[in-house]
Structure formats: C-alpha cells, structure tokens
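1. next one to model:
(one chain, ligands or ions: 1)
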Amino acid sequence: MSTRSIKAPTLKKATKDLKLAGKEIGEALAEKARALGDAAMARVTKAKRAVAKSSSQTQRKIETSARKTTLSVKRAVANAEKEVKADFAAVRKTASRKVATLKRSASQEVDAVKKSVKKTAAKVNLVADRKLAELKASGTGTPEAIAQLTGGSEFMGFLAQARDEGRDPLLYEAPIVAIFHSPTKSVTPKDNCVIAATTMGLFARTLGLETTYIALFEAAANAHEPLKKELGLPEEHRVFSVLVMGYPRVKYLRAVDRKPIKTRWE
Ligand SMILES: Cc1cc2nc3c(=O)[nH]c(=O)nc-3n(C[C@H](O)[C@H](O)[C@H](O)COP(=O)(O)O)c2cc1C
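-> Numbers count the residues shown, from 1 in each chain. All right, here's what the predicted structure looks like:
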C-alpha cells in the first residue's frame with residue numbers, strides 16, 4: 001500500500017469541487033427523474049385516454065347492438081302480431097262461413113219440417129172435414145147435435161146426478177135396447193134406420209109393448225170409442241136410430257094435448 005500526503009488547501013478545494021460536482025449530478029438526476037416522471041405521466045394519460053376511448057367505443061357498440069336487437073325484436077313482435085292477426089282473421093272468416101252454412105242448412109231443415117207439418121196438417125184437416133161431413137150428414141154425433149139433444153151442461157148435470165143416484169137416465173133400465181145401424185155410404189142410411197125403428201115401434205104396440213127413441217145413446221155410440229168397440233158394429237157402419245122397449249109400468253087413459261099439426265091442403 002502507498003500513501004500520499006495532500007495539502008489542506010488542496011483538500012478544501014477538492015472537497016468544494018466535489019460538493020459542486022455532487023450538486024450538479026444531483027440536479028441532473030433530479031432533472032432526469034422529472035423528465036421520466038413527465039414521460040410516465042404522459043403515457044399514463046395517453047393510456048387513460050385510450051382506455052376511455054375504447055370503453056366509450058365499446059359502450060357505443062353495445063348501445064348500437066342493443067338498439068339493433070331492440071329494433072329486430074320489435075320487428076319480430078310486429079311480424080308475429082301481423083301473423084296472429086292474419087290467422088285470427090282467417091279463423092274468423094272460416095268460422096263465419098261455417099256458421100252461415102249451418103244457418104242455411106238449419107233453415108232448410110226447418111222449412112222442410114214446416115212443409116211436412118203443413119202437409120200432414122192438411123191431410124188431418126181433410127180427414128177431419130170428411131168425418132165431420134159424415135157426422136153432419138148422419139145428423140148425430142157432432143158436438144152441436146149432442147148439445148142440441150142434451151140442452152147443454154145443465155142437462156148433462158141432471159144425467160150425471162141421476163147416474164150417481166143409481167138411476168139409469170139413458171136407457172131407463174129397459175129390458176130391450178134395439179140398435180139400428182147402416183153402412184154410412186148408403187144413400188139414405190138415417191131414413192132406412194128410422195123407418196125400421198118406427199115400424200118396430202108400431203108393431204111392438206100391437207103386442208102391448210112400448211118404445212122410446214134414445215138419441216142420446218145414438219150420439220154416444222157414434223162418438224165414444226169404447227162404446228163403439230163394445231157394440232162391435234161392422235166396418236163403415238154407424239148407429240142411426242135406437243129404441244128402448246118394454247112393457248109399460250103405467251097406462252095412460254088419454255093422450256096429451258098436442259098443438260095442431262101445420263098442414264097445407266091444396
Ligand atoms: C128422434 C128422437 C130421439 C129421442 N131421444 C130421446 C132420448 O135420448 N132420451 C129420452 O128420454 N127420450 C128421447 N126421445 C123421446 C122424447 O123425449 C119424447 O119423450 C118422445 O118423443 C115423446 O114426445 P112427446 O113428449 O112430444 O110426446 C126421443 C124422441 C125422438 C123422436
């Protein structure tokens with residue numbers, strides 16, 4: 001090892017120079033550090049800006065795509081609505097067409113039923129009219145004839161009361177009931193029967209018997225089905241006269257007064 005002695009002033013100056021150099025170096029270092037810091041700050045700012053830019057771009061992209069998506073969804077919804085509306089309109093059209101067809105066929109059926117009812121009613125009326133005409137021609141059995149015979153409900157009441165009391169107001173418990181019937185299609189069925197009944201009545205009197213015409217039974221025999229069945233008349237026959245016959249319980253001493261018969265002699 002070697003040593004060198006240095007004089008004090010020289011050392012002082014050297015120290016001073018060293019201090020100066022150190023200061024300069026320090027300043028230069030500080031300057032460099034500042035520059036580096038500034039550069040770093042500039043880069044950070046740039047980076048920040050870039051980040052901000054890219055995030056706003058991304059946001060814009062997201063917004064744009066969201067808008068697009070919203071639009072396409074709206075469009076899809078509008079299309080779907082249109083399709084549904086079109087389907088609904090088509091269904092309604094078909095349904096109304098079907099309803100119209102059904103209505104048409106129903107009204108056709110109703111018309112057919114009405115027609116057949118009318119036809120049947122016309123037939124029934126025809127038969128009823130024919131029957132009524134037959135009844136009228138025979139003079140018995142019509143409601144009018146029965147009402148005329150019975151004098152209405154008062155007489156019917158009297159008949160019912162007599163029946164309820166155990167009497168026989170129709171045939172008077174006669175031992176014989178003669179029923180005169182004839183084919184309805186013969187020319188004078190009523191006259192034939194009445195002539196036969198009258199002849200029988202006149203002849204019966206010669207034997208001490210008496211007779212009475214019973215128009216009530218005649219009407220009942222022609223109008224009341226069970227009675228018609230019970231009598232068992234031939235087909236197309238009707239009752240035209242009825243007589244009850246028996247020996248009289250009372251004997252009249254004289255005949256009742258009669259109004260003079262209206263006769264015209266020419
Ligand atoms: C066509 C005819 C139908 C008669 N029907 C009935 C009768 O259903 N019931 C009855 O009690 N008498 C009947 N009679 C008898 C009448 O009521 C009456 O007693 C009879 O003709 C005698 O008549 P006169 O009262 O004028 O003498 C009938 C008489 C006729 C001529």
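
2. how far does stretch 191-209 sit from its chain's centre?
-> Relative to its parent chain, stretch 191-209 has a centroid offset of 66 Å by Cα atoms, centre = their mean, to the nearest Å.

3. repeat that for stretch 181-190.
-> With Cα atoms, centre = their mean as the basis, stretch 181-190 stands 52 Å off its chain's centre.

4. that stretch spans what distance, first to last residue?
-> This stretch, stretch 181-190, spans 8 Å end to end (Cα to Cα, to the nearest Å).

5. do stretch 232-240 as well
-> Per Cα to Cα, stretch 232-240 runs 15 Å from first to last residue.

6. for this structure, what spans make up the strands?
-> Assigned by DSSP state E, the strands in the chain fall at 176-183, 210-213, 237-246.

7. what packs against the longest one?
-> Right, the one you point to is strand 237-246. Helices and strands touching strand 237-246, by 3 or more Cβ pairs under 8 Å, 6 or more residues apart in numbering; DSSP states H and E, are helix 8-138, strand 176-183, helix 189-206, strand 210-213, helix 215-223. In this view, the C-beta of every residue, glycine as well, is placed from N, C-alpha and C.

8. show me what the longest one is packed against.
-> With contacts defined as 3+ Cβ pairs under 8 Å, 6+ apart, the packing partners of helix 8-138 are strand 237-246.

9. tell me the strands beside the strand it packs on, with direction?
-> On the basis of DSSP bridges, the sheet neighbours of strand 237-246 come out as strand 176-183 (antiparallel), strand 210-213 (antiparallel).

10. how near is residue 242 to residue 172?
-> 12 Å (Cβ to Cβ, to the nearest Å).

11. ok, residue 263 next?
-> From residue 263 to residue 172 the distance is 33 Å (Cβ to Cβ).

12. so for those two, which residue has more residues nearby?
-> residue 172 (12 against 5; other Cβ atoms under 10 Å).

13. how about that one: what's its closest non-neighbour residue?
-> Nearest non-adjacent residue to residue 172, counting by Cβ to Cβ, 6 or more residues apart in numbering: residue 244, 6.0 Å away.

14. what of residue 201?
-> Closest to residue 201 by Cβ to Cβ, 6+ apart is residue 211, at 4.1 Å.

15. what's the burial count for the one you found?
-> 21.

16. the residue nearest to residue 172 touches residue 169, doesn't it?
-> No - between residue 244 and residue 169 there is no contact under Cβ atoms under 8 Å: 11.8 Å.

17. contact residues of the stretch 101-250 of the chain facing the ligand?
-> Within the stretch 101-250 of the chain, the residues that sit near the ligand (Cβ under 6 Å from any ligand atom) are 212-216.

18. who wins on neighbours among these?
-> residue 214 (21 neighbours).

19. if the residue nearest to it when sequence neighbours are not counted is in a bridge, with which residues?
-> Distances taken as Cβ to Cβ, 6+ apart put residue 242 closest to residue 214, at 4.4 Å, once the chain neighbours are dropped. Taking DSSP bridges, one finds residue 179 as the beta-bridge partners of residue 242.

20. let me see the confidence value for residue 242.
-> pLDDT, residue 242: 98.
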